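Engineer: Sequence plus the predicted model coming up.
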Amino acid sequence: IVNYTISRREPLVLDNATKVGNFTKDSTVISNQTLSVLCVPLLHQGKLNGLIYLENNKTAGAFTPDRVDLLRTLSSQASISIENAT
């Protein structure tokens, strides 16, 4: 999931990772019984500065489009802060 997000450089949202999508056979998804996953790259001027990885094993569909939009905005600000700190 992390490598996929790094290569695509765009957020990945999985609403029910144990049953739907490309990661149903992923060992972490299976062992944690992960339902919802959100992985957002921290990008500044096209440079990857980090990732935000969130998972929820209690609720499917935990990461709504509104939450993803909010995290994209916050991740952009975080990436700028990381760049300025270095």
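Structural biologist: In hand now; what should we look at?
Engineer: C-alpha only now, for contacts and for neighbours.
Structural biologist: Will do.
Engineer: Could you pull out the strands in the chain for me?
Structural biologist: 12-14, 36-44, 47-56 (DSSP state E).
Engineer: what does the second one rub up against?
Structural biologist: In this case it means strand 36-44. Taking C-alpha atoms under 8 Å, 6 or more residues apart in numbering as the criterion, the residues outside strand 36-44 that touch it are 1-2, 5-6, 9-17, 48-57, 59-63, 68, 71-72, 75-76, 78-80, 83.
Engineer: Which of those are buried? Put it as a ChimeraX command.
Structural biologist: One line in ChimeraX is enough to select the buried members of these, burial here meaning 16 or more other C-alpha atoms under 10 Å:
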select :1,5,6,9,11,12,13,14,15,16,17,49,50,51,55,56,57,60,61,62,63,68,71,72,75,76,78,79,80
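Engineer: just checking, what packs against whichever helix in the chain runs longest?
Structural biologist: Using DSSP state H to define each element, the chain has its longest helix at helix 65-85. Helix 65-85 sits against strand 36-44, strand 47-56, with contacts defined as 3 or more C-alpha pairs under 8 Å, 6 or more residues apart in numbering; DSSP states H and E.
Engineer: The longest one vs helix 65-85, what angle?
Structural biologist: Orientation of strand 47-56 against helix 65-85 (axes from the mean of the first three to the mean of the last three C-alpha atoms, to 10 degrees) gives an angle of 140 degrees.
Engineer: With the shortest one instead?
Structural biologist: Between strand 36-44 and helix 65-85, the angle comes out at 40 degrees (the same axes, to 10 degrees).
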